[in-house]
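# fold the following and give me the result.
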Amino acid sequence: MRQLRRLRYLLFSSFVISIFVCTLMLVMAPRSINWSIFLRVLFLIIILGPNLMHIYVSYSLAKNYFPQKEVPRSFIISFRIVSVFAWIVCLVLIIVIIYSTIEYIYSEPNTYNWRPLAIPFFASFILLVCLMPFQFIAASRLLSTIQGNHKKSLLESFT
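Coordinates of the predicted model:
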């Protein structure tokens, strides 16, 4: 039960931070609609899409199958596929954060990096990327716990 509560906290906080990151990124965008806005929205879809999909799949796992219902094989396969994409995106985001940090340190103070919203955006982005692995691990543990509970109840029903 503690795993489920922890997963729900992680899912909720990851969802809220994802929305906050999206909002800050779009607020920091230029005022006129141009190619830059389209690229930012595309970046948000590519980067945050697998994380949001993982949030949805994990939430439906916790809601529909906990504690003792059987998890269908098709759901497990889709859960694993979404998890792999989310892990890949998380690793790419870590590389982006390292590159952005190096660029931020060596940039001149008069560049666009010194806007008032850049530091909260970067901090929330780092927080989101730090939460993502814990979210993935907690969801995977919950899936294995549900499968273990189902196997145990099947064995108990035969004895």
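# can you name the residues that contact the closest residue to L7 other than its chain neighbours?
Of all residues not flanking L7 in the chain, A138 sits nearest, at 4.4 Å (CB to CB, 6 or more residues apart in numbering). The way it works is simple: take the backbone N, C-alpha and C, and place the C-beta from them, glycine included. A138 makes contact with Q3, R6, L7, L10, S58 under the criterion CB atoms under 8 Å, 6 or more residues apart in numbering.
# what about 7 Å?
Residues near A138 by CB atoms under 7 Å, 6 or more residues apart in numbering: Q3, R6, L7, L10.
# I only care about those residues that end up buried; give me the ChimeraX line for that.
Buried subset of these, written as a ChimeraX selection, criterion 16 or more other CB atoms under 10 Å:
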select :3,7,10
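# out of the contacts of A138, which are inside strands?
Among the contacts of A138, no member is found in strands (DSSP state E).
# where is pLDDT lowest across the contacts of A138?
Lowest pLDDT within these is found at Q3 (76).
# that residue touches R141, doesn't it?
Yes - Q3 is within contact range of R141, at 5.9 Å (criterion: CB atoms under 7 Å).
# coming back round to it: now the contacts of A138 in TSV, with distance to L24?
Output for these, formatted as TSV (distance: CB to CB, whole Å):
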residue	distance to L24
Q3	31
R6	27
L7	26
L10	21
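# between the contacts of A138, which is nearest F20?
L10 (15.5 Å; CB to CB).
# residues touching that closest one, list them.
Here L10 is in contact with L131, F134, Q135, A138 (CB under 7 Å, 6+ apart).
# okay then, goodbye and thanks.
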